[in-house]
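Q: 3D model of this:
(one chain, ligands or ions: 2)
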Amino acid sequence: MVEGERLPGAPTPEERVVLHVDMDCFYASCERKREPRLRGEPVVVGMGYEAGETTGAVATASYKARDFGVESAQAISTALERLPRRAEHPEDPETAHYRPVDLDYYEDVAADVKAILHDLADTVREVSVDEAYMDVTDRTDWSVAEGFARHVKQRIEREVGVPASVGVAPNMSTAKIASDYDKPDGLVVVPPDDVAGFLAPIDVADVHGVGPVRARELREMGIETAGDLADADPYELTAAFGERGRELHERARGRDERPVEPKGDPKSLSRESAFDGPEDDHDRVLEQALALADAVAERATRKDALYRTIGVKVVTPPFDVNTRARSLPGPVDEPDLVREVAEELLAEFEGESVRKVGVRVSNLSFTADEQAKLGGFKDAATDEGGADGDTDVRDSPTADRASERASERDPEGQASLRDF
Ligand code: DCP
Ligand code: MG
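A: Residues are numbered from 1 along each chain as shown. Ligands and ions are numbered 1, 2, ... in the order given. The predicted structure is shown next:
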């Protein structure tokens, strides 16, 4: 973060209050809701499974069933070896109730849960049938965040009758680890000052974005925990894993400035690409930016999107992200204008070494009717310092404040030629 760039009173991104809600053994909990006699009993839900059969795979198992080694993606035949069917051994407690997947029912239950989440937060990102992020910065405060999260859990339990685990943290990736930390029925709050300490002992495989393969590679480098990853040399990680390596480093340090953004129409469209090394030739930077401008404009046209803001992102060594944006008086679909504005905004960076360049159009609207005439553009346009790629001009009040930030460290390393 470049000191002094933030407007007075604007919250730092670390002050956000982000909740991650993940339902406990969700399909099994739904079966228990429908059939209360299953409460407290081991339950296994099978995909491709029919009553009395041995085919299919375990979609989920209740926590009691997990104690016997039954787990997601296991063959039902294996699960049956570990926990026979209750129906066949009615007196044996070391057995489970097996049920086939009923996705329609689970989706109905999930819709009731999501309705509560939307009631409790202005910004909800639904990730899967049983998982969502909420940004409740505007509704609460760190001093009462735990009470708020408890309220979320209690409303779900009381009104829908299924248990959830909730993690609270200043960003999405830490909140996700927190919700998983004390499952089932978990409530883990990680205030801003505790993030580093909370993450340090976490297994590196549990860092957001680390899959089994990468976890193995990291362990071979002697990196076992998120703390090890946070202490690793970012240049070494970049050498080993490209931009992704630096992104993981940031995550392990508890830095993740992705805004909680609802799925659906994007708030912006962008493209960026990294150079092999620091690029000093402005003409090459410009050439790349113009190609990105064309790609972004083409994507907007394809999506019938009009944009009211055109911006660039310039990453200069080591990891300083500079964004500049210009607002137009009305929404347009003008590929040449995207090129023109990108070139003008980039002029400021002539003579600088550039690692990465990106172009973004934002303030999108999706009706073709309201396209403004271009006449007044030059007069009305003002340079504005945008934010990092992911928190540029958006609808939520939090993001609007974030967009006032002019320059900062790259919040997440991205693979070249993907969205920023
Ligand atoms: N699911 C599935 N196949 C998998 C993993 C999950 O069909 N391999 C389904 C069943 C789960 C639901 O998705 O109930 C949600 O996935 P989760 O990973 O959140 O698992 P659970 O909610 O079952 O358990 P947990 O308490 O660990 O969240
Ligand atoms: Mg779950």
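
Q: in the stretch 1-150 of the chain, which spans are strands?
A: 18-23, 43-47, 57-61, 97-100, 123-128, 131-135 (DSSP state E, counting those that start in this stretch).

Q: contact partners for residue 88?
A: residue 95 (CB atoms under 8 Å, 6 or more residues apart in numbering). To be clear about C-beta, it is placed using only N, CA and C from the backbone, and glycine gets the same treatment.

Q: re earlier: worst average pLDDT in the strands of the stretch 1-150 of the chain?
A: The minimum mean pLDDT among those belongs to strand 123-128 (a mean of 92).

Q: quick check: buried residues in it?
A: Neighbour-count burial for strand 123-128, with 16 or more other CB atoms under 10 Å as criterion, is recorded at 123-126.

Q: what of stretch 52-70?
A: Residues 54, 56-62, 64-66, 68, 70 are the ones in stretch 52-70 that count as buried (16+ other CB under 10 Å).

Q: farthest pair in the residues you listed?
A: The largest separation in those, counting by CB to CB, is between 54 and 64 at 21.0 Å.

Q: residues in contact with the residue in the stretch 201-350 of the chain positioned nearest to ligand 1?
A: Relative to ligand 1, the nearest point of the stretch 201-350 of the chain is residue 206 (12.5 Å; CB to the nearest ligand atom). Each residue near residue 206 by CB under 8 Å, 6+ apart is listed here: 177, 180, 226.

Q: between the buried residues of stretch 52-70, which sits nearest ligand 2?
A: Nearest to ligand 2 among the buried residues of stretch 52-70, counting by CB to the ion, is residue 60 at 7.7 Å.

Q: end to end on stretch 330-341, go ahead and measure it.
A: Criterion CA to CA, to the nearest Å; first-to-last residue distance in stretch 330-341 is 15 Å.

Q: residues of that stretch that come out buried?
A: Residues of stretch 330-341 classed as buried by neighbour count (16+ other CB under 10 Å): 330-334, 337-339, 341.

Q: give me the mean pLDDT for the helix ranked longest in the chain.
A: Among the segments of the chain that qualify as a helix by DSSP state H, the longest is helix 282-302. Mean pLDDT, helix 282-302: 94.

Q: can you pull the buried residues of the helix or strand following that helix?
A: Next along the chain after helix 282-302, taking DSSP states H and E as the criterion, comes strand 307-316. Neighbour-count burial for strand 307-316, with 16+ other CB under 10 Å as criterion, is recorded at 307-316.

Q: tell me the angle strand 307-316 makes with helix 282-302.
A: 150 degrees (axes from the mean of the first three to the mean of the last three CA atoms, to 10 degrees).

Q: now the angle from the helix or strand following strand 307-316 to strand 307-316?
A: Proceeding N to C from strand 307-316, the next assigned helix or strand is strand 320-332, under DSSP H and E. Taking the same axes, to 10 degrees, one finds strand 320-332 and strand 307-316 inclined to each other by 170 degrees.

Q: just for the stretch 101-250 of the chain, where's the confidence low?
A: Within the stretch 101-250 of the chain, no range satisfies pLDDT under 70.

Q: what's around the residue of it found nearest ligand 2, how many residues?
A: Among all residues of the stretch 101-250 of the chain, residue 130 sits closest to ligand 2, at 4.4 Å; criterion: CB to the ion. Residues lying near residue 130 (other CB atoms under 10 Å) number 23.

Q: that one and residue 302: what is the separation?
A: Here residue 130 is placed at a distance of 33 Å from residue 302 (CB to CB, to the nearest Å).

Q: which residues of this protein lie near ligand 2?
A: For the chain, the contact set with ligand 2 under CB under 5 Å from the ion comprises 22-23, 26, 130.

Q: of those - the most surrounded one?
A: Neighbour counts for these (other CB under 10 Å) peak at residue 23, which has 28 neighbours.

Q: tell me which residues touch that residue, please.
A: Residue 23 makes contacts with 29, 110, 113, 130-131, 162-165, as judged by CB under 8 Å, 6+ apart.

Q: residue 340 versus residue 366, what's the distance?
A: When distance is defined by CB to CB, residue 366 is 23 Å away from residue 340.
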